[in-house]
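*Asks:* Quick one, what's the 3D model for this:
(chains A and B)
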Protein chains: 2
Amino acid sequence: MQSLTVELGERSYPIHIGRGLLDRGDLVRPLLRQPRVMLVTNETVAPLYLGRLASALKAAGVDTIELVLPDGEQYKNWETLNLVFDALLRHRCERSTTLVALGGGVIGDMGGFAAACYQRGMPFIQVPTTLLSQVDSSVGGKTAINHPLGKNMIGAFYQPRLVLADTDTLNTLPDRELSAGLAEVVKYGLIRDLPFLEWLEENIERLLAREPEALAYAIHRSCANKAAVVAADERESGERALLNLGHTFGHAIETGLGYGAWLHGEAVAAGMMIAAELSAQLGWIGAADVARVERLLRRARLPTEAAALPVDTYLDLMRHDKKVEGGRLRLVLYRAIGQAVVSDVANDAQIARAIEVRLSDA
Amino acid sequence: MQSLTVELGERSYPIHIGRGLLDRGDLVRPLLRQPRVMLVTNETVAPLYLGRLASALKAAGVDTIELVLPDGEQYKNWETLNLVFDALLRHRCERSTTLVALGGGVIGDMGGFAAACYQRGMPFIQVPTTLLSQVDSSVGGKTAINHPLGKNMIGAFYQPRLVLADTDTLNTLPDRELSAGLAEVVKYGLIRDLPFLEWLEENIERLLAREPEALAYAIHRSCANKAAVVAADERESGERALLNLGHTFGHAIETGLGYGAWLHGEAVAAGMMIAAELSAQLGWIGAADVARVERLLRRARLPTEAAALPVDTYLDLMRHDKKVEGGRLRLVLYRAIGQAVVSDVANDAQIARAIEVRLSDA
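*Replies:* The predicted structure follows:
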């Protein structure tokens, strides 16, 4: 087991990464304010891991209540969130009961937002079971649900008390989701960690083959990168925005195609390519750099072309994104490979051109 | 104009109290991150004050978008909250747009919760137009909506950037609502400010007659009391719980009768009497103290009898309240008049007896 701490003062919390952590009720028990938890998961994860986690908690003397939600980004909405509130109230959960989110990013985002809002805040623990959620959504305290007009529009900054990333759970992850998770892993290399990018260029096939040691290394290094950024800027006023590389374009793809058509990581991969194209257009990086990003993403079996939506649709949806300020689009671009920056220098015509280039490749 | 500051570190904010503050766009403008606000109010307040506030903001160079919600506690729910999100997204409000809540406690609670959640937090300003919201809900950052199984169950701690309490708006307040606001004013005297209680015993009729000077004094002193408590305990881990005097009983009344049947302040008044009865039963205060509380509340034209609900219904609803910990009811009781304490010493039989005594008076 490897561990790191996300340093956020009194909201600091540990992340444990390793094999068999689902069985470690002993890691959970000391953090609970009362020996009772609400386990929230989805119908895909439940048959695989819910029983094991619940047994481990019971063995540690913890009562569990279980709630199984439908699976999919299209359920990341108020109606599903309300199922959590209903269950919490029906079982008379208190403000000191802990909510445990077992599943991928959708379960983590919704479980975390439910915990943030229930009685104005109950403790919660993340047990992420996808690569994406292990490297991304379990660090940083972003919780949210979607709105028909925009992804993650309704949410809160709310930190978990503990993250348990059991790498064994990745053995049941579909290939497509493993790749989608790798998009965020690659992102850390691209925005701030060139040595890690180089490691990924050497080891991407080991990750696709799910070698536990390589996975644990990549997860730990990704979390460490994210934790460092978040510790410096918890509420996204500055450096944290770099974590959105590819995301503004990616959100437009996800919203434009309807939630669930592309996986989040797939949309981010395409978005990181559009950002590379735009950065090249601005003269910040060269064609070889663009090709380098594209090569690695392709090896990770990720899309590198933009989704087939009208350019105007992209621009329109991007204007709804949270990264707009004073009407101007603030985008994460590459000053160099391994060094991202936030910039609003690109005008609509330049942005449209970059999207078109990635569309014409499709 | 009188002013005070709620001291919460980087979340500190000013409260201004006085006549004609609705016209003071100049007090608002310097606090905005962009010259655009979403004004949220209800159909009762809109015809009275929305135009005036909007004009004052426009005169100060601020664009306004206006949203008028239905009026009433029964609308403090997810469906109405979603109308705010819809409007924010439809008008492409950004994370740096400010939400201004113009109205009573329901508008403040919902507007504040919408601001807390929209894009994970946008700035907001309270312009409370009822006595209750001026002395209570505008201080302390509690925002929420109701759930069919409990009041204020879904919410956030989220601080405004500014509170403008225009005492002139109280001239249009129905008598019943003025009295309901006085319940919270009396509460501050009862829990921690005996000299203020004595002032109220001398001046309650001046408040009922809406003398501006008396009102401004009572509002300022109430806000100062609440601000002192909140500054010491922002997230209700300790002393802040004292502000809930009468509220656990009161919430049971509101939920049991259906939201809107009794006003919040009316339910709190009855709850403060039940708490007095229970404190007397425990031997902490005497019969003369109970009578003293009752006399002042009656003079303020507030109910002093419990709502006619079965005692079991009270107990059952109270167990759903946020003030339960480890299954035991933690109640705010009187150690003396002017000195409240949080205690879980009372058992169910004692609580039931106190409710029954106040019921039999009805």
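*Asks:* Which parts of the stretch 151-300 of chain A are helices?
*Replies:* In the stretch 151-300 of chain A, the segments counted as helices under DSSP state H, counting those that start in this stretch are A:175-192, A:194-208, A:212-232, A:247-257, A:264-281, A:287-299.
*Asks:* what's the closest of those helices to chain B?
*Replies:* helix A:247-257 (11.5 Å; C-beta to the nearest C-beta). Bear in mind the C-beta positions are built from the backbone N, C-alpha and C, glycine included.
*Asks:* near chain B at all, that closest one?
*Replies:* No. Using C-beta under 8 Å from any C-beta of the partner chain, helix A:247-257 stays clear of chain B, with a minimum separation of 11.5 Å.
*Asks:* Show me which positions of that helix end up buried.
*Replies:* A:247-256 (16 or more other C-beta atoms under 10 Å in any protein chain shown).
*Asks:* ok and that helix relative to helix A:264-281, angle-wise?
*Replies:* 130 degrees (axes from the mean of the first three to the mean of the last three C-alpha atoms, to 10 degrees).
*Asks:* Compute the distance from the centre of helix A:247-257 to the centre of its chain.
*Replies:* Distance of helix A:247-257 from its chain centroid, counting by C-alpha atoms, centre = their mean, to the nearest Å, is 14 Å.
*Asks:* Where does confidence bottom out across the buried residues of helix A:247-257?
*Replies:* Lowest-confidence member of the buried residues of helix A:247-257: A:Thr255, scoring 87 (pLDDT).
*Asks:* Let me know whether it touches A:Leu317 as I believe.
*Replies:* Yes. The pair A:Thr255 and A:Leu317 passes the contact test of C-beta atoms under 8 Å, sitting 5.1 Å apart.
*Asks:* got any residues that touch both of those two?
*Replies:* By the contact definition C-beta atoms under 8 Å, 6 or more residues apart in numbering or on different chains, A:Thr255 and A:Leu317 are jointly contacted by A:Gly150.
*Asks:* just to revisit the earlier point, just say which of the helices of the stretch 151-300 of chain A is most tucked in.
*Replies:* With neighbours defined as mean count of other C-beta atoms under 10 Å in any protein chain shown, these peak in mean count at helix A:264-281, which reaches a mean of 27.
*Asks:* which helices and strands sit right next to that one?
*Replies:* Judged by 3 or more C-beta pairs under 8 Å, 6 or more residues apart in numbering or on different chains; DSSP states H and E, helix A:264-281 is in contact with helix A:175-192, helix A:247-257, helix A:287-299, strand A:331-336, helix A:348-360.
*Asks:* Report the buried residues of stretch A:26-46.
*Replies:* For stretch A:26-46, burial by neighbour count (16+ other C-beta under 10 Å) applies to A:27-29, A:32, A:34, A:36-42, A:44-46.
*Asks:* farthest pair in the residues you listed?
*Replies:* A:Gln34 and A:Thr44 (29.3 Å; C-beta to C-beta).
*Asks:* what does chain A put close to chain B?
*Replies:* A:34, A:78, A:82, A:85-86, A:89-90, A:92, A:94-96, A:116-121, A:142, A:144, A:147, A:149-150, A:153-157, A:235, A:319-320, A:322, A:324-326.
*Asks:* go again using 7 Å as the cut-off
*Replies:* A:34, A:78, A:82, A:85, A:89, A:92, A:94-96, A:116-121, A:142, A:144, A:147, A:149-150, A:153-157, A:319-320, A:322, A:324-326 (C-beta under 7 Å from any C-beta of the partner chain).
*Asks:* List the ones among these that fall in helices.
*Replies:* Judged by DSSP state H, the residues of chain A next to chain B include A:78, A:82, A:85, A:89, A:116-117, A:319 as members of helices.
*Asks:* Just the closest of those residues to B:Gly112, please.
*Replies:* A:Cys117 (12.7 Å).
*Asks:* In a markdown table: the helices and strands packed on helix A:264-281, plus distance to A:Leu162.
*Replies:* As requested, those are exported to a markdown table (distance: least, C-beta to C-beta, whole Å):
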| stretch | distance to A:Leu162 |
| --- | --- |
| helix A:175-192 | 21 |
| helix A:247-257 | 26 |
| helix A:287-299 | 32 |
| strand A:331-336 | 30 |
| helix A:348-360 | 40 |
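*Asks:* Poorly predicted segments of the stretch 201-350 of chain A, please.
*Replies:* Within the stretch 201-350 of chain A, the stretches with pLDDT under 70 are A:322-327.
*Asks:* what about 80?
*Replies:* A:234-238, A:259-260, A:320-328 (pLDDT under 80).
*Asks:* Check the stretch 1-150 of chain A too.
*Replies:* Short version for the stretch 1-150 of chain A, where the test is pLDDT under 80: A:138.
*Asks:* any idea where the helices of it begin and end?
*Replies:* Going by DSSP H, counting those that start in this stretch, the stretch 1-150 of chain A shows helices at A:25-28, A:45, A:51-59, A:78-90, A:105-117, A:131-132.
*Asks:* Packing partners of the first one?
*Replies:* The criterion is 3 or more C-beta pairs under 7 Å, 6 or more residues apart in numbering or on different chains; DSSP states H and E, and the helices and strands that helix A:25-28 contacts are helix A:51-59.
*Asks:* So how do I select the buried members of the residues of chain A next to chain B in PyMOL?
*Replies:* A single PyMOL command is used to select the members of the residues of chain A next to chain B judged buried by 16+ other C-beta under 10 Å:
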select buried, chain A and resi 34+78+85+89+94+95+116+117+118+119+120+121+142+144+147+150+153+154+155+156+157+319+320+322+324
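*Asks:* before we move on, the earlier item: between the buried residues of stretch A:26-46, which is nearest chain B?
*Replies:* A:Gln34 (6.0 Å).
*Asks:* How is chain A divided into domains?
*Replies:* A:2-172, A:175-360 (automatic domain parsing).
*Asks:* Nearest to B:Thr64, out of those?
*Replies:* Closest to B:Thr64 of the domains of chain A, according to C-beta to C-beta: domain A:175-360, at 16.9 Å.
*Asks:* quick check, distance from the closest one to the centre of its chain.
*Replies:* Per C-alpha atoms, centre = their mean, the displacement of domain A:175-360 from the mean C-alpha position of its chain is 12 Å.
*Asks:* isn't A:Glu266 right next to A:Arg301, touching?
*Replies:* No. A:Glu266 is beyond contact range of A:Arg301, at 9.7 Å (criterion: C-beta atoms under 7 Å).
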